[in-house]
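Peer 1: Pasting a predicted model and its sequence here:
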Amino acid sequence: MQIEVRGRRNASIAAWYLIVAFTLVAGTFLLHGNALNAYWRFDDGWLLDFATRFSFSDYFFNPLITRAYSPSNVTPWNPLVYDFNLALFGFQAQWFYAHHLLAIAVSALATYALLTCFVKPVGALLGSILFLMGAPVFLVAQQLMVGHYVYGLIFCSMALFCFVRGVRGESYWWTIFGVFSFALASSCKEVFVPLVVVLVFVPVGNARSRLIHAIPYFAWSIFYAGWRYKVLGAMLGGYQQAKFDPWVAAQQLLQIPSWLMGGGSAGWLISSILLVLLYDAVRRHRVRILVVFVSLVALITPLIALTAYPGLHGPNRHLLLPWWAVVVLITILVARCSSWPVAVRFSIVGIFAIATLRHGLDEREAIEPGLVRLDAIYREAIDARPNTVLVLPGQTLRFWEVVLNGARRAKAAAEHRPFARVNLLTDPKLLPLVDPDTYQVRMYNASCACMEHFHGPSSSEKIGNRAPERSLDYLVFRLTPYPPLVDSGGGRVESIRVTGDKVSLSGWLNVSRKDPEQILVLTTPYRPLRHQLDAVARPDIAGTRQAEDMLHTGFRLQLSYADAEAAVRAANSACLMVISSLKGIRSLENPINEVCSGLAKGGAI
């Protein structure tokens, strides 16, 4: 009899788990399934190219290649996701998105598992559904390149779940699984690492038991710091493209509640309800305010650096973890308001669900034109003939070169055929430099959400008209040289001199005036305080090459640093590349610095 009752109970539990899994998977595809119609977007081309060039062992265990993916973060899990998808699905974008949505559903399932440690199963399910309705989830679902945030959330949820189970059951097996999950979360994104401090305050077991089970997590954090230092040369920090401003940081951080909850009366209403719930729970000792405070600090600390660059601009990937934390808090608060009428608690859940769903849909609608534009640009770039010039204002030439020709290179590798790049131009004012008899010019038209042929003046119509001249641009890309990702043949660095706190580099570029857009790129982990770039006449190069349009291809670049020591370090690590519309990214030969020899593929200039 007992066996029969136990069997029925196990069957009921299994049925409930199936219902939960079906609800969350179906809910994910119902809310975000339109992503299945998307194409490559944002940084996808760069990630596809990176994944085809390197293997798991490269970007996880070779510090130079790990840094090559990101000079500011240790995130090898992201190229792994693309590598995995390419192996399974080839170059089929819709299957990448199917995997991406499935990962979001799994993150909701992991959230459900964690919530069941503190609330009843029905409450945990409602909380997990609420998570899927958040604005950050709506935006993350449309971007393959942020899949590491989703996987990081999965592993973070499982790490916390295993920690709670380990403490409650005094089981070190759970702790081992939890530390492994935490290690995977840290390989996804560093925003998950500070959450280790929360473990000591989680309201389970006693302080001694929590501390004992948390020690392996802290041990991994120390190992992670060493790994990060080995890869990036720093244990702290991140993006360093802009100066930190405390006032700007405060302004952005204070907008997080409205980005998560929505603006207007609905946003204020659910924010007020959340505060009332929190006050009541703390007053009745149902929630420990210290846990909430420590969790808030752990969540906000990684975001502070992001306020300088790239900035917090809305409910995007940077707010996915804070949104998840808000959902966990709301679910626990509502479940513990046992003295409140059931109808009131369900009404609160309903208000949260309706408000967040509306806010999420509004945010997705707001970014829709940009997504459609990216879809059209990628489709055109990947299928375009080599004599095509795409005019793409709004981003740097380096960005478009890396992502669009990166996607073309990845597709060529997947199909085992030679790679041929497409030509790119970001400044429409330079269109008179493009010969319409040689190149087909294509531009994006927002009215049809498509790329259209641009009908410019013919060569005969431009006779007698002076074409605009392009002055050489300059930018700094903070990067340590890594194995080949660019072509060679960009020119030559002939001299590197250090005088006090200044570094002077001179040489010549293998570019033509017929190539309309040209950018000199300095790759170094040491950003200069100031710079000056001058063009220099090189009749010797023009004569040797028998090309008059290469007369002014010489350059002199002067960099100013804080002190002489910084200047010496910069000179010893500086490498140069040139990016142009018709030739792409090419490195400059640098016999002075051998560290640059691995930057590009072989090939004589």
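Peer 2: Received, thanks. Numbering: from 1, shown residues only.
Peer 1: isn't there a strand covering Trp508?
Peer 2: Yes: assessed by DSSP: H, G, I helix; E, B strand; the rest coil, Trp508 belongs to a strand.
Peer 1: Now do the buried residues in stretch 11-21.
Peer 2: Neighbour-count burial for stretch 11-21, counted by 16 or more other CB atoms under 10 Å, picks out Val20. C-beta: built from backbone N, CA, C; applies to glycine.
Peer 1: right, and the helix or strand after the helix or strand of the chain at the bottom of the mean pLDDT ranking?
Peer 2: Across the helices and strands of the chain, mean confidence by mean pLDDT, DSSP states H and E is lowest for strand 473-477: a mean of 48. Using DSSP states H and E, the helix or strand that follows strand 473-477 in sequence is strand 491-499.
Peer 1: so how far is Trp40 from the spatially most central residue of the chain?
Peer 2: Centroid-nearest residue in the chain: Val146, 5.2 Å away (criterion: CA atoms, centre = their mean). From Val146 across to Trp40, the span is 14 Å (CB to CB, to the nearest Å).
Peer 1: Also Ala225?
Peer 2: Relative to Trp40, Ala225 is positioned 35 Å away (CB to CB).
Peer 1: any idea which helix is longest in the chain?
Peer 2: helix 342-383 (DSSP state H).
Peer 1: and that one, how far from the chain's centre?
Peer 2: Offset of helix 342-383 from its chain centre (CA atoms, centre = their mean, to the nearest Å): 19 Å.
Peer 1: Show me what the helix or strand following it is packed against.
Peer 2: The element immediately downstream of helix 342-383 (helix or strand, assigned by DSSP H and E) is strand 388-391. Packing partners of strand 388-391 (3 or more CB pairs under 8 Å, 6 or more residues apart in numbering; DSSP states H and E): helix 342-383, strand 423-425, strand 440-445.
Peer 1: Please repeat the previous calculation with a cut-off of 10 Å.
Peer 2: helix 342-383, strand 423-425, strand 440-445, strand 450-453 (3 or more CB pairs under 10 Å, 6 or more residues apart in numbering; DSSP states H and E).
Peer 1: And the contacts of the second one?
Peer 2: The one in question is strand 423-425. Contacting residues not belonging to strand 423-425 are listed as 381, 384, 386-393, 395, 397-401, 404-405, 431, 433-434, 439-441, 443, 515-517, 579-584 [CB atoms under 10 Å, 6 or more residues apart in numbering].
Peer 1: what do you get for the last one?
Peer 2: Counting by CB under 10 Å, 6+ apart, the neighbours of strand 450-453 from elsewhere in the structure are 372-373, 375-377, 379-381, 383-384, 388, 390-392, 436, 440-445.
Peer 1: out of those, which are buried?
Peer 2: Buried members of the contacts of strand 450-453, counted by 16+ other CB under 10 Å: 372-373, 375-377, 380-381, 384, 388, 390-392, 436, 441-444.
Peer 1: one step back: quick check: angle from the longest helix of the chain to strand 440-445?
Peer 2: Here the directions of helix 342-383 and strand 440-445 differ by 160 degrees (axes from the mean of the first three to the mean of the last three CA atoms, to 10 degrees).
Peer 1: Quick one: mean pLDDT for helix 342-383?
Peer 2: Across helix 342-383, pLDDT averages out at 91.
Peer 1: same check, this time on stretch 400-411
Peer 2: Mean per-residue pLDDT for stretch 400-411: 91.
Peer 1: Likewise for stretch 280-289?
Peer 2: Averaged across stretch 280-289, the pLDDT comes to 82.
Peer 1: what's in contact with that stretch?
Peer 2: If you take CB under 10 Å, 6+ apart as the criterion, stretch 280-289 is touched by 201-203, 277-279, 292, 294, 329, 332-340.
Peer 1: in that stretch, what's buried?
Peer 2: Using 16+ other CB under 10 Å as the test for burial, stretch 280-289 gives 280-281, 286-287.
Peer 1: show me where the stretch 451-600 of the chain has helices.
Peer 2: Taking DSSP state H, counting those that start in this stretch as the criterion, the stretch 451-600 of the chain carries its helices at 539-545, 564-573.
Peer 1: Work out the gap between the longest one and the centre of the chain.
Peer 2: Distance, stretch centre to chain centre, for helix 564-573: 30 Å (CA atoms, centre = their mean).
Peer 1: swap in the shortest one?
Peer 2: Between the centre of helix 539-545 and the centre of its chain there are 44 Å (CA atoms, centre = their mean).
Peer 1: Can you spell out which helices and strands pack onto it?
Peer 2: Under the contact criterion of 3+ CB pairs under 10 Å, 6+ apart, helix 539-545 touches strand 502-509, strand 554-560.
Peer 1: what's the most buried one of those?
Peer 2: Here the criterion is mean neighbour count by mean count of other CB atoms under 10 Å, and of those the winner is strand 502-509, at a mean of 22.
Peer 1: rewinding a little: for ChimeraX, write the select line for the buried members of the contacts of stretch 280-289.
Peer 2: Of the contacts of stretch 280-289, the buried ones go into a single ChimeraX selection, burial set by 16+ other CB under 10 Å:
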select :201,202,277,278,292,294,329,332,333,334,335,336,337
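Peer 1: where does this structure dip in pLDDT?
Peer 2: By pLDDT under 70, the low-scoring segments of the chain are 1-10, 234-242, 455-485, 525, 594-605.
Peer 1: mind redoing it with 50?
Peer 2: Along the chain, the parts satisfying pLDDT under 50 run over 458-468, 470-471, 474-484, 601-605.
Peer 1: Compare Ala225 and Trp40 (neighbour count), which wins?
Peer 2: Trp40 (27 against 15; other CB atoms under 10 Å).
Peer 1: Just want the phi and psi numbers for the more buried one.
Peer 2: Dihedral angles of Trp40 (phi, psi; degrees, to the nearest 10) stand at phi -70, psi 140.
Peer 1: Pretty sure it sits against Leu47.
Peer 2: Yes: between Trp40 and Leu47 there is a contact under CB atoms under 10 Å: 9.4 Å.
Peer 1: Quickly list what's touching both of these two.
Peer 2: Common neighbours of Trp40 and Leu47, using CB under 10 Å, 6+ apart, are 144-145, 403, 406-407, 410.
Peer 1: Where do the helices of the stretch 1-150 of the chain begin and end?
Peer 2: Remark: helices assigned in the stretch 1-150 of the chain by DSSP H, counting those that start in this stretch are 2-32, 44-53, 56-61, 63-69, 77-89, 93-115, 121-132, 135-140, 147-169.
Peer 1: coming back round to it: restricted to helices, list the contacts of stretch 280-289.
Peer 2: Using DSSP H, these in helices are 277-279, 292, 294, 329, 332-335.
Peer 1: Lovely, talk soon.
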